[in-house]
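K.L.:
Take this sequence and fold it.
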Amino acid sequence: MLKSIRISHVWVLDQDQALDFYVGKLGLEVTSDVELGFMRWLTVAVPGQPGREILLELPAPPSLDEASAKQVRELVSKGATGFTVGFTTDDCRKTYATLKAKGVEFTQEPVEQGYGIDCGLRDPFGNAIRIVQLAAQPQQAGAPSAKMTGNT
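P.N.:
Okay, the predicted model is just below:
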């Protein structure tokens, strides 16, 4: 049976620009940067967690034929690829302020949800990213909130 996720990928349109954003602004670390000839294998991870990596992949051969790569590039540029990466933090509001000061553009300020506090941003290419501070005891799906029941 499957036991963990080792690697996933995010489509990027420029790997050097992706490094500037994911490493320079978000604070991830490079785990691999290998020129294979047919592609550059570039992965990043949260510091101290190299077992879960993100491949910063160009939409291009060998993973896609040129026609499909062109379509993916158009979708990424429109921000139409949907949710790509979710990170956790101990303090969402502080992380938001720190990243905003570094020039990260957010699509949503920190908002309290049943599962914690989260915010949204996009990378320079249009990929949607979420950052969440998980609640100590997340609200169960379908359970009425304190606001709904009048309890505080």
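
K.L.:
Count the residues that sit near the nearest residue to G51 once chain neighbours are set aside.
P.N.:
With CB to CB, 6 or more residues apart in numbering as the criterion, G51 has its nearest non-adjacent residue at 6.8 Å, and that residue is R6. Heads up, the C-betas are built off the backbone N, CA and C, glycines and all. Using other CB atoms under 10 Å, R6 has 8 other residues around it.

K.L.:
what's near enough to touch R6?
P.N.:
Contacts of R6 were listed using CB atoms under 8 Å, 6 or more residues apart in numbering, and they are G51, R52, E53.

K.L.:
Quick check on L55: phi, psi?
P.N.:
Phi and psi for L55, reported as degrees, to the nearest 10, are phi -80, psi 120.

K.L.:
can I assume it is in contact with T43?
P.N.:
Yes. Counting by CB atoms under 8 Å, L55 sits close enough to T43 to count as a contact (5.2 Å).

K.L.:
Look at the two and report which has more neighbours.
P.N.:
T43 (20 against 17).

K.L.:
Going by residue numbers, what spans are helices in this protein?
P.N.:
Applying DSSP state H to the chain gives helices spanning 15-19, 66-78, 92-101, 146-149.

K.L.:
Go through the longest one and flag the buried ones.
P.N.:
Right, the one you point to is helix 66-78. A69, V72, R73, V76 (16 or more other CB atoms under 10 Å).

K.L.:
Give the other helices and strands that it contacts.
P.N.:
Under the contact criterion of 3 or more CB pairs under 8 Å, 6 or more residues apart in numbering; DSSP states H and E, helix 66-78 touches strand 7-11.

K.L.:
Adjacent strands (with direction) for the strand it packs on?
P.N.:
Partners of strand 7-11 in the sheet, by DSSP bridges, are strand 53-57 (parallel).

K.L.:
Give me the contacts around the partner strand.
P.N.:
Strand 53-57 is contacted from outside by 6-12, 15, 18-19, 22, 28, 31-32, 39, 41-45, 63, 85, using CB under 8 Å, 6+ apart.
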